[in-house]
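Engineer: model the structure of this input:
(one chain, ligands or ions: 1)
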Amino acid sequence: MAESKLVIEGGHPLRGELTVQGAKNSVLPLLSAAVLCDGDIVLERCPALSDVYAASRILTHLGCRCRLTQGRMEIRNTGITCTEIPETMMHEMRSSITFLGPLLSRSGSCTLYLPGGCELGPRPIDMHLHALRQMGAEIHESHGMLQVQGRLRGAELHLPFPSVGATENIILAAVLARGQTRIHNAAREPEIRDLADFLNACGARVSGAGTDTVFVQGVDRLQGCTYRVMPDRIAAATYLAAAAATGGSVCVQDCCPGDLTAVTEVFRQMGCRVYSHENRIYLQSSLPLHAAPYIRTMPHPGFPTDAQALLMAAHCKARGSCMFEETIFDSRYRHADDLIRMGADIRLSGRAAVVHGVQRLSGTTVHATDLRGGAALLIAGLSAEGITELTELSHLDRGYENPEHVLRSLGAKIERIT
Ligand code: UD1
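Structural biologist: Residues are numbered from 1 along each chain as shown. Below you'll find the predicted structure:
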């Protein structure tokens, strides 16, 4: 495929309303859950993202029929006909590992491959495997191949860290397992709640999702349903950060303000006015922004690691200094180099980064190195003087549905050139 780039003319404040896309991090485990359900599933507000297409290719390979048209994903599961996911498909996206729990639970044996490390550093899956072993899985690992078998039974599980993916994989493995499963120290991210709501709509019995203890009572079968995917809180945070950084004012519609309080609190500290009403968030910014003193990423309800790069970009021209501490991933400051090339003053030291606000950023050619890092460079480009060219868009397209269209509707000058 020809390499595309986004060409951004900076300096235009974003103004207007936008409706946020469905959540990438929710729809991916919902697609894995389709393995467990008999009949037809319809996912409304399904975003058209490369990761969603990668998951639907896996489902098709396993024997389901998938069709995505205008935000509506239709899946027909008349029986899983294959229990191996090829290595190339597993490598397309890290979250392919959430197929492990449901595929094993549904078929009693399966072969998958380790999804491998990624641009955020090593991403082990030891917690996923340990939990499945406690549920009765026999797992043979060799040269990146996972051969797994066993009839799953409920278990009492304690996670050493509230991993989002491990919590999802366990829930997906437990809904059709014999007996009861309790997950202690479960992740509390809103996407876990969305997964449980979807599974319960299909006939599962999951309670406590969104708290640190999730309880699953196994059932015999699940039936497909029609379900509306939750709004994407990180996409919402991205457009809010772009509005803040450009001195604009936007209203994000159809979002869940309660899922974003750690982020909106930072915008307030930066001097933005932020109001939320029902499912809308309004943000009004006037430049210059003021630096929030300290942003530490934490599991939900703390400040999300996925919003760290976005807020770093919004801080580049803020008055004062902000210290970031990244506690979730090892290698999550790769966007900093290109922000520095645009004129930002950022000092990195291990898991810490300090941003000293500068008067101006200037446009240049920058490269997305990961999904949210790419979004950070987009935000910086919108607030920079002159033209920014953002390349390596495959990272951005994993998580943002037509971002140039959304940004243009808010007054940005941005074009995608292939
Ligand atoms: C999910 C999100 C991702 C987000 C992250 C943290 C999806 C598709 N992705 O990723 O956008 O940044 O949550 O909110 O939903 N870990 C282990 N062993 C394991 C599992 C995880 O050591 O078995 C470590 C990871 O390396 C990482 C930390 O735990 O350092 C958090 O990972 P986890 O919560 O599992 O993130 P993901 O589910 O991969």
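Engineer: number of nearby residues for residue 126?
Structural biologist: Using other Cβ atoms under 10 Å, the number of residues around residue 126 comes to 10. (Glycine included, C-beta is placed from N, CA and C.)
Engineer: separation between it and residue 135?
Structural biologist: 15 Å (Cβ to Cβ, to the nearest Å).
Engineer: in the stretch 101-250 of the chain, what residue is nearest the ligand?
Structural biologist: residue 165 (2.8 Å; Cβ to the nearest ligand atom).
Engineer: what mean pLDDT does the strand or helix carrying residue 32 get?
Structural biologist: In this assignment (DSSP states H and E), residue 32 forms part of helix 24-33. Average pLDDT, helix 24-33: 98.
Engineer: on the three-state scheme, residue 301 is what?
Structural biologist: coil (DSSP: H, G, I helix; E, B strand; the rest coil).
Engineer: surely residue 67 is in contact with residue 53?
Structural biologist: No: taking contacts as Cβ atoms under 8 Å, residue 67 lies outside contact range of residue 53: 11.6 Å.
Engineer: and the two? Which one has more around it.
Structural biologist: Set residue 67 next to residue 53 and count neighbours by other Cβ under 10 Å: residue 53 wins out with 15 against 11.
Engineer: can you tell me the closest non-neighbouring residue to the more buried one?
Structural biologist: residue 68 (7.7 Å; Cβ to Cβ, 6 or more residues apart in numbering).
Engineer: tell me, how many neighbours does that neighbour end up with?
Structural biologist: Around residue 68 there are 17 residues (other Cβ under 10 Å).
Engineer: please apply the same query to residue 381.
Structural biologist: Residue 381, neighbours per other Cβ under 10 Å, totals 29.
Engineer: what of the one 3 residues further on?
Structural biologist: Per other Cβ under 10 Å, the neighbour tally for residue 384 reads 29.
Engineer: what about the residue of the stretch 101-250 of the chain closest to the ligand, distance to residue 205?
Structural biologist: Distance from residue 165 to residue 205, by Cβ to Cβ: 22 Å.
Engineer: neighbour count winner among those two?
Structural biologist: Set side by side, residue 165 and residue 205 show more neighbours around residue 165, with 21 against 15, by other Cβ under 10 Å.
Engineer: would you double-check that the more buried one falls in a helix?
Structural biologist: Yes: membership of residue 165 in a helix is supported by three-state DSSP.
Engineer: assign a three-state SS to residue 250, would you?
Structural biologist: Per three-state DSSP, residue 250 ends up strand.
Engineer: surely it and residue 20 touch.
Structural biologist: No: look at residue 250 against residue 20 with Cβ under 8 Å: they stay out of range, at 10.9 Å.
Engineer: shared neighbours of those two, anything?
Structural biologist: Common neighbours of residue 250 and residue 20, using Cβ atoms under 8 Å, 6 or more residues apart in numbering, are residue 239.
Engineer: how about the residues of this structure near the ligand?
Structural biologist: Selection of the chain residues close to the ligand by Cβ under 6 Å from any ligand atom yields 25, 28, 95, 123-128, 161, 163-166, 187, 191, 305-306, 328-329.
Engineer: helices along the stretch 251-400 of the chain, start to end?
Structural biologist: 261-269, 308-315, 336-341, 371-383, 394-397 (DSSP state H, counting those that start in this stretch).
Engineer: just list whatever residues bridge to the nearest residue to residue 229 once chain neighbours are set aside.
Structural biologist: Nearest non-adjacent residue to residue 229, counting by Cβ to Cβ, 6+ apart: residue 22, 3.7 Å away. Beta bridges link residue 22 to residue 231, judged by DSSP bridges.
Engineer: near residue 22, how many other residues are there?
Structural biologist: The burial count for residue 22: 26, using other Cβ under 10 Å.
Engineer: now swap in residue 10 and tell me
Structural biologist: 23.
Engineer: hmm, it is touching residue 361, no?
Structural biologist: Yes: assessed by Cβ under 8 Å, residue 10 is found in contact with residue 361 at 7.5 Å.
Engineer: okay, and the common contacts of those two?
Structural biologist: If you check residue 10 and residue 361 against Cβ under 8 Å, 6+ apart, the residues they both contact are 383, 384, 385.
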